[in-house]
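[1] Using only what follows, build the 3D model:
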Amino acid sequence: MELKYVLYFLLGGMVVSAVSYFAAHSKGLIAAFFANLPVITFTTFIIIYFESGTDNVISYAKSLLIMLFPWLLYIFCVIFLASKIGVIPSLLTGLIGYFLLSYFIIKFFSIKM
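    Down below sits the predicted model:
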């Protein structure tokens, strides 16, 4: 196994651990800061750049912006539904919404390209 995949795993685990720690101690804003750190995105951009160049980095960055909408739907489901139907059902509803909207976005952009 390549060493870079171990590094990806460790970076991801450190971010999840930091988020979980701060969220469990009622420090939601700090947890959100760590959850949104661009460490993984930064690492991904660097790897894409070294493996396939600038054009693919730009394409990936544009795709991240497009896929922001399904992620926002997921987050809004949790915010608005957690107090009404519970955390687990709101997470599941958000995930279903995320996958459905992602599917339609991917289909739409696949047709256009």
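[2] from here on, contacts and neighbour counts on C-alpha atoms
    Noted.
[3] List of residues touching whichever helix or strand residue 29 is part of?
    Here residue 29 is covered by helix 28-35, with elements defined by DSSP states H and E. Helix 28-35 has contacts (CA atoms under 8 Å, 6 or more residues apart in numbering) with 15, 16, 18, 19, 20, 21, 22, 23.
[4] let's see 10 Å
    With CA atoms under 10 Å, 6 or more residues apart in numbering as the test, helix 28-35 has contacts from 14-25, 36-37.
[5] mind checking how far it is from the chain centre?
    Centre-to-centre, helix 28-35 and its host chain are 14 Å apart (CA atoms, centre = their mean, to the nearest Å).
[6] Just the C-alphas of the helix or strand following it, formatted as CSV.
    Counting by DSSP H and E, the element after helix 28-35 in chain order, helix or strand, is helix 39-52. Extracted C-alpha coordinates of helix 39-52, given in CSV (Å, rounded to 0.1, in the frame of the first residue of the first chain):
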residue,chain,number,x,y,z
VAL,A,39,-6.8,20.5,5.0
ILE,A,40,-8.4,17.7,3.1
THR,A,41,-9.3,19.9,0.1
PHE,A,42,-5.8,21.5,0.1
THR,A,43,-4.2,18.0,0.2
THR,A,44,-6.5,16.9,-2.6
PHE,A,45,-5.7,19.9,-4.8
ILE,A,46,-1.9,19.3,-4.3
ILE,A,47,-2.2,15.6,-5.2
ILE,A,48,-4.4,16.3,-8.3
TYR,A,49,-2.0,19.0,-9.4
PHE,A,50,1.1,16.8,-9.1
GLU,A,51,-0.7,13.8,-10.7
SER,A,52,-2.6,15.5,-13.5
